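>>> would you be able to build a 3D model of this:
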Amino acid sequence: MTTNITIGVSHDYSTSDVGAVPLTQRRSLYHFTALWITLAAGFTYLFLGFQYHDYGYSLWRAVGAGAVGAVAYLIYALPAAYLGSRTGLTHALLTRSIFGKVGSVVVSLILIGVAAGWTAFAFNLLATLYDGLFSWDNVVLISIVLAIVGVTNNVFGFGGIAAFARYLVAPLMILWMLYLVIKGLTSIPAATLATGTGTGDNLPFLSGVGLAIGAVMWGNEPDTWRYGKPKFFWPTLPLVIAFAIGLVLFVAGGWMIAQLSGAGQYDFGPGFRYAVEYSLFGVLWLGAVVATVLQIAINDGNYYEMINAGQNLFGWKRIYTCLLMAGVAAVFAWWFPHLENGFFSIAGWTSIALPSATVVMCVDRFVLPRISGVTRPEAVPRW
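You can find the predicted model right below:
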């Protein structure tokens with residue numbers, strides 16, 4: 001553990017000097033299962049289910065859109081994860097040899113921007129939950145403070161985000177959502193579950209699937225899976241379990257919150273308070289603690305994406321990049337409330353920009369050598 005923490009603070013295999021994660025540092029399947037359950041079992045998917053409800057989806061239509069989105073993501077994620085485990089390199093470092101100097105800078109900036117957008121959404125959502133529970137107001141100020149504090153675990157690199165995720169977050173939240181969904185199924189009439197509360201004309205089913213893909217998409221899968229075993233289907237079990245929870249159970253939970261609370265499309269905070277009163281015995285402080293721990297843990301993944309991209313650009317001590325990215329996240333948290341349809345905008349960007357770059361790199365690494373017989377050197381080019 002001491003060795004892993006020292007590595008994380010110094011570089012976490014994210015600079016060109018020490019780029020590839022050695023096979024001796026690879027982690028177990030259990031480790032990844034716990035990590036991805038936490039990354040998938042979060043308020044983003046509750047919010048997604050909440051939105052589905054207010055666009056008129058039935059429960060089954062909402063769950064179906066989430067499940068189809070999960071399958072589509074899995075088809076993309078397996079080669080993307082294999083790219084990381086085969087090379088041991090971060091997404092940003094991989095871009096140097098494939099996209100060149102300018103292309104690597106552009107992709108790295110997109111990585112930072114998209115992840116900062118999700119961080120801003122998550123901490124604005126958490127501040128909204130505080131407001132719903134305790135009527136605190138000051139949503140923007142609280143979200144900025146959270147964005148700055150939330151970078152802490154990433155000082156310790158991959159080891160830091162995995163430990164926090166494994167032991168503190170997922171079990172309680174999953175049990176809570178199971179209880180909420182089961183209780184909701186016994187309370188809501190079957191006809192309402194089957195038909196929803198509207199026509200659904202505002203969001204066609206394929207658009208709903210696209211929204212699910214955007215919500216679940218990371219785009220920088222090599223960043224985490226470079227610590228996995230270099231086998232193509234090795235990540236399947238963690239991903240299937242994680243998104244059965246996130247895009248099925250939590251989407252259903254979000255739909256239930258909207259239906260039971262009667263909250264409007266932009267009233268997720270009051271809806272969450274109702275959910276705490278309905279299924280968490282009205283213990284508001286416990287709801288706040290669970291929400292806080294979960295959002296910080298999930299945003300470890302977003303910060304990790306930003307920091308690895310920053311390390312590709314600057315190559316200095318990791319802690320400097322952590323401080324810089326905390327500042328970037330704070331600016332985005334301030335800006336996010338001014339963005340119209342912020343959740344949909346970020347999900348749209350995520351589903352297109354980063355996966356496109358990853359697919360190009362997968363083709364370059366795995367398809368072109370079979371066609372041309374030419375293999376790209378493994379070493380990371382220097383700037």
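
>>> measure L193 to A252 for me?
L193 is 10 Å from A252, where distance means CB to CB, to the nearest Å. From N, CA and C alone the C-beta is placed, and that goes for glycine too.

>>> overlap in contacts of the two?
Common contact partners of L193 and A252 (CB atoms under 8 Å, 6 or more residues apart in numbering): L59.

>>> who has more neighbours, the two?
Applying other CB atoms under 10 Å to L193 and A252 shows that A252 carries more neighbours, namely 26 against 17.

>>> surely V151 and V328 touch.
No: in this structure, V151 is not within contact of V328 by CB atoms under 8 Å, at 9.9 Å.

>>> more neighbours: those two, which one.
The residue with more neighbours, out of V151 and V328, is V151; 28 against 20, by other CB under 10 Å.

>>> got a list of what R96 touches?
Contact partners of R96, counting by CB under 8 Å, 6+ apart, are 16, 104, 312, 380-381.

>>> quick check, nearest of the residues you listed to G42?
Here the nearest of the contacts of R96 to G42, counting by CB to CB, is N312; it sits at 26.5 Å.

>>> where does this structure dip in pLDDT?
Low-confidence segments of the chain (pLDDT under 70): 1-11, 18, 153-169, 198-201, 263-266.

>>> for it, which helix is longest?
Across the chain, the longest stretch assigned as helix under DSSP state H is helix 91-134.

>>> next, count neighbours for the residue nearest to L146 when sequence neighbours are not counted.
Of all residues not flanking L146 in the chain, F123 sits nearest, at 4.2 Å (CB to CB, 6 or more residues apart in numbering). Other residues lying near F123 total 29 when counted by other CB under 10 Å.

>>> quick one: L237 from G246, how far?
Distance, L237 to G246, using CB to CB: 15 Å.

>>> the more surrounded of those two?
Each of L237 and G246 has its neighbours counted (other CB under 10 Å); G246 has more, 27 against 14.

>>> return the residues in contact with that one.
If you count contacts by CB under 8 Å, 6+ apart, G246 has them with 40-42, 45, 66, 70, 216.

>>> mind running it again at 6 Å?
By CB atoms under 6 Å, 6 or more residues apart in numbering, the contact set of G246 is 40-41, 45.

>>> so which of the contacts of R96 are in strands?
Among those, no member falls in strands (DSSP state E).

>>> pipe these into CSV and attach distance to I112 per row.
Shown next, in CSV, are the contacts of R96 (distance: CB to CB, whole Å):
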residue, distance to I112
S16, 18
S104, 13
N312, 10
V380, 19
P381, 21
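
>>> among the residues you listed, name the buried ones.
Among the contacts of R96, those buried by neighbour count (16 or more other CB atoms under 10 Å) are 16, 104, 312, 380.

>>> so can I have CSV of the residues you listed showing distance to P204?
Converted to CSV, these look like this (distance: CB to CB, whole Å):
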residue, distance to P204
S16, 45
S104, 37
N312, 38
V380, 43
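
>>> looking at these, which is nearest I241?
Within those, the smallest distance to I241 is 30.8 Å, found for N312 (CB to CB).

>>> measure the nearest residue to the closest one once chain neighbours are set aside to L48 for me?
Of all residues not flanking N312 in the chain, A92 sits nearest, at 3.4 Å (CB to CB, 6+ apart). Distance check for A92 against L48: by CB to CB, it reads 28 Å.

>>> how close does A170 sit to D12?
Relative to D12, and taking CB to CB, A170 is found at 23 Å.

>>> equivalent analysis for G103, please.
G103 is 23 Å from D12, by CB to CB.

>>> so those two - more neighbours on which side?
Using other CB under 10 Å, the more surrounded residue of G103 and D12 is D12, with 26 against 14.

>>> picking up where we left off before, among the buried ones among the contacts of R96, name the ones in helices.
Those of these lying in helices (DSSP H): 104, 312.

>>> out of the buried ones among the contacts of R96, who's nearest V145?
Among the buried ones among the contacts of R96, N312 lies closest to V145 (CB to CB), at 28.1 Å.

>>> surely the closest one is in contact with V107?
No: contact criterion CB atoms under 6 Å: N312 and V107 do not qualify, at 8.9 Å.

>>> just the buried positions in stretch 172-183, please.
Here stretch 172-183 shows 173-174, 176-177, 180-181 as buried, counting by 16+ other CB under 10 Å.

>>> actually stretch 353-373, not the one I typed
For stretch 353-373, by 16+ other CB under 10 Å, it's 353-355, 357-358, 361-362, 364-365.

>>> now that stretch - C-alpha only, PDB.
Extracted as PDB, the C-alpha positions of stretch 353-373 are listed here (Å, rounded to 0.1, in the frame of the first residue of the first chain):
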ATOM      1  CA  ALA A 353     -16.400  13.500 -28.800                       C
ATOM      2  CA  LEU A 354     -14.300  11.200 -26.600                       C
ATOM      3  CA  PRO A 355     -15.600   7.800 -27.900                       C
ATOM      4  CA  SER A 356     -14.800   8.900 -31.400                       C
ATOM      5  CA  ALA A 357     -11.200   9.400 -30.500                       C
ATOM      6  CA  THR A 358     -11.100   6.100 -28.600                       C
ATOM      7  CA  VAL A 359     -12.500   4.200 -31.500                       C
ATOM      8  CA  VAL A 360      -9.900   5.700 -33.900                       C
ATOM      9  CA  MET A 361      -7.200   4.600 -31.500                       C
ATOM     10  CA  CYS A 362      -8.600   1.100 -31.200                       C
ATOM     11  CA  VAL A 363      -8.700   0.800 -35.000                       C
ATOM     12  CA  ASP A 364      -5.100   2.000 -35.200                       C
ATOM     13  CA  ARG A 365      -3.900  -0.500 -32.600                       C
ATOM     14  CA  PHE A 366      -5.900  -3.600 -33.400                       C
ATOM     15  CA  VAL A 367      -7.200  -3.400 -37.000                       C
ATOM     16  CA  LEU A 368      -4.600  -1.600 -39.100                       C
ATOM     17  CA  PRO A 369      -1.700  -3.900 -38.000                       C
ATOM     18  CA  ARG A 370      -3.800  -6.900 -39.300                       C
ATOM     19  CA  ILE A 371      -4.400  -5.100 -42.600                       C
ATOM     20  CA  SER A 372      -1.000  -3.500 -43.200                       C
ATOM     21  CA  GLY A 373       1.300  -5.600 -41.100                       C
END
